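Asker: A predicted structure for the sequence below; I have some questions about it.
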Amino acid sequence: MKKQVIVWLKNGMIAKMNAVACSANSHQVSLPSTEVELPVLIEVTHEGLTTILDLSGFPDCVVLQFGKDRSFTGATYCRNRTDGAFMVQAQARYFLLMPLPLPYPIQETEEIMIKPLES
Amino acid sequence: MSSPNPLILSAERSAEGYGRFPYVIVRVQPTVYLQFPIHFYHLEHPDLPGLRVRVNDPTELDACMATLFSVMQGFYAQVNGNEAVPYRMCLVLRSNLAYFWEKEGIMLSREIPEGGALMDGQYKVLSLNSSHYIRE
């Protein structure tokens, strides 16, 4: 399933995309490394404080993190260069996995908006 | 693209940066495109056509992209200054990743422009009915 995601930037511009959407209903999320095309939106639905994303072997991406109020809280770069495991643990309620390179300065990220896909 | 009689980008134009990622495409009209190569540099100003973007370290892609973002905003405004209907503009990063530039923002696309008549900023033909980048 896909959803339309709009990232608001601090300068008033927006970055719009159609993202593969999935929900995290447990504390740990594993994504199939080859079957998913970025961008990917993960909406946390469980009540726990943190979520662990298992990004081992996942394509290079930047993980944008947003809080309950959808405001930007942080980011992590995922660059798998070895066969070892790579996981990200965060308190975010929304994760947006974006392909690299990001076309705007990461610190310009302000807020996320999620909408049903436009037909 | 499998259109008949394709004319592919020449090695000579490729040496100037054409057909190499990242680049900017401006759609003049349907199937007619202009390509602007992007050159990141630190000290020595490159004598090459396209957009020249001064950065601290041309090997630091994330920092390069952050600077390119503001250059792109200026370029969009320059191209579309007084146009009632703005030209469609696209920043192509890879063979499967591009961002379409609009007044209010950018739109991610996993498909990039291809085919048609591709020209440089002086309206000289670079390729016809072919991909807009060099396939390594």
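Answerer: Thanks, I have the structure now.
Asker: how about the residues of chain B near chain A?
Answerer: B:61-62, B:64-66, B:68-69, B:72-73, B:91, B:93, B:97, B:99, B:104-108, B:110 (C-beta under 8 Å from any C-beta of the partner chain). All C-beta atoms are positioned from the backbone trio N, CA, C, and that covers glycine.
Asker: now, the residues you listed that are in strands?
Answerer: Residues of the residues of chain B next to chain A located in strands (DSSP state E): B:91, B:93, B:97, B:99, B:105-108.
Asker: ranges for the strands of chain A?
Answerer: A:2-9, A:14-24, A:28-30, A:40-44, A:51-54, A:61-66, A:72-78, A:87-90, A:94-99, A:109-116.
Asker: closest one to B:Y33 among those strands?
Answerer: strand A:14-24 (21.9 Å; C-beta to C-beta).
Asker: pull out the buried positions in the closest one.
Answerer: A:14-22, A:24 (16 or more other C-beta atoms under 10 Å in any protein chain shown).
Asker: now, among these, which is nearest to B:R54?
Answerer: A:A15 (24.1 Å).
Asker: which residues are contacting stretch B:90-103?
Answerer: A:15, A:99, A:101, A:103, B:21-27, B:68, B:72, B:76, B:80, B:86, B:88-89, B:106-113, B:132-133 (C-beta atoms under 8 Å, 6 or more residues apart in numbering or on different chains).
Asker: first-to-last residue distance for that stretch?
Answerer: Criterion C-alpha to C-alpha, to the nearest Å; first-to-last residue distance in stretch B:90-103 is 12 Å.
Asker: could you list the buried residues of that stretch?
Answerer: Counting neighbours by 16+ other C-beta under 10 Å, stretch B:90-103 gives B:90-93, B:95, B:97-102 as buried.
Asker: which one among the buried residues of strand A:14-24 gets closest to B:V32?
Answerer: A:K16 (25.4 Å).
Asker: can you tell me the closest non-neighbouring residue to that closest one?
Answerer: B:M107 (4.7 Å; C-beta to C-beta, 6 or more residues apart in numbering or on different chains).
Asker: what's the weakest-modelled helix or strand in chain A?
Answerer: Of all helical and strand segments in chain A, the minimum by mean pLDDT, DSSP states H and E falls on strand A:28-30, at a mean of 91.
Asker: what number of residues lie near A:P39?
Answerer: Other residues lying near A:P39 total 23 when counted by other C-beta atoms under 10 Å in any protein chain shown.
Asker: that one against B:L108, yeah?
Answerer: Yes - with contact defined as C-beta atoms under 8 Å, A:P39 reaches B:L108; the gap is 6.6 Å.
Asker: what is in contact with the two at once?
Answerer: A:17, A:99.
Asker: mind listing the residues bridging to B:S127?
Answerer: With DSSP bridges applied, B:S127 shows beta-bridge pairing to B:L118.
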